[in-house]
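>>> generate a structure from the sequence data that follows.
(2 chains)
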Amino acid sequence: MTAAPTPVQQANRHSDNKRPQTPSRLKHYLTAMLLILLVWGSAWKTESTLGELVQGAPNMLDLLKEMFPPSWTYMDNIAPAMLDTIRMAVVGTTIGAVLAIPFAVLCASNVVRNVWVFYPVRMVLNLIRTIPDLLLASLFVAVFGLGLVSGILALSVFSIGLVAKLTYEAIESIDNGPLEAMTAVGANRMQWIAFGVVPQVIANYISYVLYTFEVNVRAAAILGLVGAGGIGHYYEVTLGFLQYDRTNAIIIFTLVVVLLIDFISTKVRERLL
Amino acid sequence: MNQTWSERVAKPRTNWPLRLLLIVAIAALYIWAFSGIPFQGLKETAVQIVQSIMAGILSPDWDYVYLPEGEDLLRGLLDTAAIAILGTAISTLLCIPFAFWAASRKHKSGAITGTGKFLLSFIRTFPEIVMAILFIKAVGPGAFAGVLALGLHSIGMQGKLFSEEIENIDQGPLDSLLASGANRLQIWWYAIMPQVLPGFLSYTLYRFEINVRSATILGVIGAGGIGTPLIFALSTRNWDRVGIILLGIIVMVTMIDLLSGYLRKKIV
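Coordinates of the predicted model:
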């Protein structure tokens, strides 16, 4: 005679073999294998080996030893270049931020409802953003010659991509109410944008411009490497003459200025939003 | 009820002295910035060069895409991608301890978190291209210097994003595992890792996109990748070749962005 089912067995109507299968791990194993293969292949392609790193370590320590103490007196020589760097960032960001406005408006699908307008403009923006700033700078140096102007143009183009992308995403997430209200009272297109859209995104826009300024200060500090003005030029000068203590002075000076500007800009942005 | 709107609803008051001060400060900044720039006017050759670049981009040097003897576009791009992949892999492994160090949890002292956060922001501020220059001095020019530079620099950003991910985890699973008598390692493996892993993967992919862009410029200073032939073509004014390299970079970056964006959407 079979035993009566225990209460537990009554509750679990499904027998063991009817339980849902544990999901297969095969996919995870395959992904992990693919990743390891990718990394291993990359190491092979770039000829990176741990041995080389160990071999290079003494060189690196020598380099660090020569970098300290930093040459503090050299700061006087590079101060004008540092000011140029900040100038480049200010002017480049401003030009880029102004030019970004029409791009941002044309990209926003709730302002320009025409698919044939906002998709192509977005594609142009994406295209701009694929090119890194230093690459833009080397292109502009080839066209306009060495100097600040090339750097400013590179930063402007780069800023357009960044500010316009962030701003159009802000525009797309605004509240629809004011827009409908503007339509209901018979506003024309420009009034609709000026009183319905702008007040809602202006704080975001200013915050994004400040953020772009932070990014641009960092970028401007290295644009000199390709001859586009600013403090980056002095890396080549000092490294060329093996004056590593001076290189260290440049690095520290740049770090201090960047951190200071970041701090101020972050505080302002916190108050804005 | 005969009041007009302007009487019933007070306009928000503005702090005029502060606003005036702000306007003067910004105006002064701009006057200082613009006055220091030598607008020497365009070189006469500028228009001509732009035309030749445009012509170069419109009629790229297709032969350069694949050369049997090496040093061609495809190999350059592959090198660039390899630098980005390996750099991201190194930084992902190295940044996890930093992330746990810098993540603020309620039982941790503020001093530990503070130093961790400061160290990460210090690494972030140190430009990768300068790191690459220093690594070139140490291990010699080539892709390996670029890999090390990217691997070290990316720790800053990935560590910050990872630590924020750790700060935002749900305390519940941790408590229940602790209550059922799990040890620290088990808590870490069964409560923390499953919660943070999707975020970690997504940020790693995001950083990989950035590193691909960075890797394209490392060659400018001799740290491997497509940047070296590009800067060479620019200095020899070989515009057709500049055109095809730019086109190659744009296509590769766009494709990697699309792929990585698709994967990130699947993960989160």
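>>> so residue B:215 makes contact with residue B:83?
Yes: judged on C-beta atoms under 8 Å, residue B:215 makes contact with residue B:83 at a distance of 4.3 Å. Heads up, the C-betas are built off the backbone N, CA and C, glycines and all.
>>> quick one, helices of the stretch 101-250 of chain A?
If DSSP state H, counting those that start in this stretch is used as the criterion, the helices of the stretch 101-250 of chain A fall at A:115-130, A:133-144, A:148-172, A:176-184, A:189-191, A:198-223, A:233-240, A:244-272.
>>> let me redo that: chain B
Along chain B, counting by DSSP state H, helices occupy B:5-8, B:16-35, B:45-58, B:73-102, B:110-125, B:128-139, B:143-167, B:171-179, B:184-187, B:193-218, B:227-235, B:239-267.
>>> got a pLDDT number for residue A:215?
What the model reports as pLDDT for residue A:215 is 91.
>>> swap in residue A:122?
In this prediction, residue A:122 has a pLDDT value of 90.
>>> what do you get for residue A:271?
At residue A:271 the predicted local confidence, pLDDT, stands at 84.
>>> tally of neighbours for residue B:183?
A total of 10 residues lie near residue B:183 under the criterion other C-beta atoms under 10 Å in any protein chain shown.
>>> again, but for residue A:134
The number of residues packed around residue A:134, counting by other C-beta under 10 Å, is 27.
>>> skipping adjacent residues, who's closest to residue 53 in space?
Chain wasn't specified; assuming chain A. Nearest in space to residue A:53, with sequence neighbours left out and distances taken as C-beta to C-beta, 6 or more residues apart in numbering or on different chains, is residue B:139 at 6.9 Å.
>>> other chain: chain B
Among residues not flanking residue B:53 along the chain, residue B:239 sits closest, at 5.3 Å (C-beta to C-beta, 6+ apart).
>>> among the helices of chain B, which is the most enclosed?
helix B:143-167 (a mean of 24; mean count of other C-beta atoms under 10 Å in any protein chain shown).
>>> that helix and chain A in contact?
Yes: remark: helix B:143-167 sits within contact range of chain A at B:143, B:144, B:146, B:147, B:148, by C-beta under 8 Å from any C-beta of the partner chain.
>>> buried sites along stretch A:102-120?
Of all the residues in stretch A:102-120, those buried under the rule 16 or more other C-beta atoms under 10 Å in any protein chain shown are A:103, A:104, A:105, A:106, A:107, A:108, A:111, A:118.
>>> looks like the last one contacts residue A:112 (just checking).
Pointing back at residue A:118 there. Yes: in this structure residue A:118 lies within contact range of residue A:112 using C-beta under 8 Å: 5.2 Å.
>>> overlap in contacts, the two.
Taking C-beta atoms under 8 Å, 6 or more residues apart in numbering or on different chains as the contact rule, the neighbours common to residue A:118 and residue A:112 are residue A:106.
>>> out of everything not next to it in sequence, what's closest to the residue nearest the centre of chain A?
Here the mean C-alpha position of chain A is nearest to the C-alpha of residue A:215 (C-alpha atoms, centre = their mean), at a distance of 7.0 Å. Beyond its immediate neighbours in the sequence, the residue positioned closest to residue A:215 (C-beta to C-beta, 6+ apart) is residue A:162, lying 6.9 Å away.
>>> so how far is chain B from the one you found?
Plainly put, residue A:162 is 12 Å away from chain B if you go by C-beta to the nearest C-beta, to the nearest Å.
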